[in-house]
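Chemist: Sequence plus predicted model, see below.
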Amino acid sequence: MGHILYEVKDRVAVITLNRPEAANAQTMELLDDLDAAWTRAARDDEVRVVVLRGNGKHFSAGHDLKGGGPAPEKLTLEYIYNIEARRYLEYTLRWRNIPKPSIAAVQGKCIAGGLMLCWPCDLIVAADNAQFSDPVVHMGIGGVEYHGHTWELGPRKAKEILFTGRPVTADEAEKIGMVNRVVPLDDLDTAAMELAEQIAQMHPFALRQAKRAVNQTLDVQGFYAAIQSVFDIHETGHGNALSDSGYPVLMQLEGMKKNLRSQ
């Protein structure tokens, strides 16, 4: 499946981002293939747990700003909204709600759209060099499309990270509860698989119901409604950028990603 690898072993589906030369930056095609892999794992009765990981030094540098495929001659908010509603909001909510436990194994940089890959997972195991950031305020946008920030970080820490654009370290993420475990980089895959195999021994229907209970509790508290409404707030950032500056900062951020890929 292109830049996505998929395998099943010991009742664990392992989905691997396989674009290390681009720090696993996400093209639209990659996201489509990733969604297909999630769907495959969800439908396979032999799979009890899903592990999402990335090849290379970095988990994901976020959305590939030059990898959106053919665009209309005139970029409109409607065009942007339609693409992002499907591939960002719809996909991430579907991954969050598949009826099986999921684990993200994160190393290196996890930037902006990278958060939209690990946050929908039920558990996160981070390497000790992992860094999580969302610097899109530099683009005149208030945060990535799947606004898990307040739920994952708490309101004040979420504001700090968004206002400053600084990364959250693995140790800091563990202290605030965003990450379940921090392990040495060399042990990341082993630790994620050992946790997945331990969970896979549990009764699959009980796992499904336990996940549903926690997610439903968050939704009753407002998670689902907030994600939907803040997506529209995100889109006002695109509208403002279209009318104000024509996205000159996109090239600046793309330059940042090129530097990351060379590290």
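Modeler: Everything's here; your move.
Chemist: On the pLDDT front, check W38 for me.
Modeler: At W38, the pLDDT value in this model is 98.
Chemist: who are the neighbours in contact with the nearest residue to it once chain neighbours are set aside?
Modeler: Spatial nearest neighbour of W38, excluding adjacent residues (Cβ to Cβ, 6 or more residues apart in numbering): W95 at 5.1 Å. (C-beta placed from N, C-alpha, C; glycine too.) Taking Cβ atoms under 8 Å, 6 or more residues apart in numbering as the contact definition, W95 lies against 35, 38, 102, 120-121.
Chemist: most surrounded residue in the residues you listed?
Modeler: In terms of neighbours by other Cβ atoms under 10 Å, those top out with S102 at 25 neighbours.
Chemist: what's the neighbour count on C118?
Modeler: With other Cβ under 10 Å as criterion, C118 counts 27.
Chemist: coming back round to it: please, which helix or strand holds the residue nearest to W38?
Modeler: helix 91-96 (DSSP states H and E).
Chemist: in that helix, what counts as buried?
Modeler: 91-92, 95-96 (16 or more other Cβ atoms under 10 Å).
Chemist: Same question for stretch 146-164.
Modeler: 146-153, 157-158, 161-162.
Chemist: sorry, back to before: out of the contacts of W95, which are inside helices?
Modeler: 35, 38 (DSSP state H).
Chemist: In which helix or strand does the most centrally placed residue in the chain reside?
Modeler: Residue closest to the mean C-alpha point of the chain, counted by Cα atoms, centre = their mean, is L117 at 1.8 Å. Counting by DSSP H and E, the element that carries L117 is helix 115-118.
Chemist: quick check: mean pLDDT across that helix?
Modeler: Averaging pLDDT residue by residue across helix 115-118 gives 97.
Chemist: which residues are contacting it?
Modeler: By Cβ under 8 Å, 6+ apart, helix 115-118 touches 17, 26, 34, 52, 59-60, 88, 92, 104, 106, 110, 124, 132, 134, 144-146, 148.
Chemist: try 6 Å this time
Modeler: Helix 115-118 is contacted from outside by 60, 92, 104, 106, 124, 144, 146, using Cβ atoms under 6 Å, 6 or more residues apart in numbering.
Chemist: do the same with stretch 206-215
Modeler: Taking Cβ under 6 Å, 6+ apart as the rule, stretch 206-215 contacts 99, 101.
Chemist: Need the CA coordinates for that stretch. CSV is fine.
Modeler: Below are the C-alpha coordinates for stretch 206-215, written out as CSV (Å, rounded to 0.1, in the frame of the first residue of the first chain):
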residue,chain,number,x,y,z
ALA,A,206,-14.6,-7.0,26.9
LEU,A,207,-11.8,-4.9,25.4
ARG,A,208,-14.3,-3.4,22.9
GLN,A,209,-16.7,-2.5,25.7
ALA,A,210,-14.0,-1.1,27.9
LYS,A,211,-12.9,1.2,25.1
ARG,A,212,-16.4,2.2,24.3
ALA,A,213,-17.1,3.0,27.9
VAL,A,214,-14.1,5.4,28.2
ASN,A,215,-14.7,7.0,24.8
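Chemist: Please identify the buried residues of that stretch?
Modeler: Buried-residue list, stretch 206-215, by 16+ other Cβ under 10 Å: 207, 211.
Chemist: how far out from the middle of the chain is it?
Modeler: 21 Å (Cα atoms, centre = their mean, to the nearest Å).
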